[in-house]
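Colleague: Dropping the sequence and predicted coords here.
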Amino acid sequence: MSKKKSYMDNKNIIKEGFFDTLVRAIIPKSIQQKVDANAKKYYDKESKKLDNELENLQKQSDELRVKFLKAMEKQYDFKPNSKKVKDFINKKRK
């Protein structure tokens, strides 16, 4: 008896769940394929939108980092190590 992995992935979220199994037992294959194709298009579009939003937020974060470094240098006459600040921010992102 094979065991199904018990994790949710945004790429295969349509395939998971009790109700999905129940519906697949009742609805004909041709209709299932159409619904899956439409759902896949929708979730691919949403995934791309979220990826773009994440990319924009990372760009904003990088811009803020540069502003922070300039402000530190201007206000305190201290130039922080840019690489250490970048590494710290990247560690906090994860």
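Modeller: Done, it's in. Numbering: from 1, shown residues only.

Colleague: Tell me the secondary structure at residue 50.
Modeller: When the structure is split into helix, strand and coil by DSSP: H, G, I helix; E, B strand; the rest coil, residue 50 lands in helix.

Colleague: Against residue 23, how distant is it?
Modeller: With distances defined as C-beta to C-beta, to the nearest Å, the gap from residue 50 to residue 23 amounts to 26 Å. Yep, even glycine has a C-beta here, placed from its N, CA and C like the rest.

Colleague: what stretches of this protein score poorly on pLDDT?
Modeller: Under the criterion pLDDT under 70, the flagged ranges of the chain are 1-19.

Colleague: Residue most distant from the centroid, it?
Modeller: residue 77 (38.4 Å; C-alpha atoms, centre = their mean).

Colleague: Next, count neighbours for residue 91.
Modeller: Residues near residue 91, counting by other C-beta atoms under 10 Å, number 8.

Colleague: Distance of it relative to residue 55?
Modeller: Residue 91 sits 19 Å away from residue 55, going by C-beta to C-beta.

Colleague: quick revisit: let me see the backbone angles for the residue farthest from the centre of the chain.
Modeller: phi 50, psi 40 (degrees, to the nearest 10).

Colleague: and the strand or helix carrying residue 31, how far out from the chain's middle?
Modeller: With the criterion set as DSSP states H and E, the secondary-structure element containing residue 31 is helix 29-76. Taking the mean C-alpha point of helix 29-76 and that of its whole chain, the gap between them comes to 7 Å (C-alpha atoms, centre = their mean, to the nearest Å).

Colleague: repeat for stretch 74-82
Modeller: Its chain's C-alpha centre lies 33 Å from the corresponding centre of stretch 74-82 when counted by C-alpha atoms, centre = their mean.
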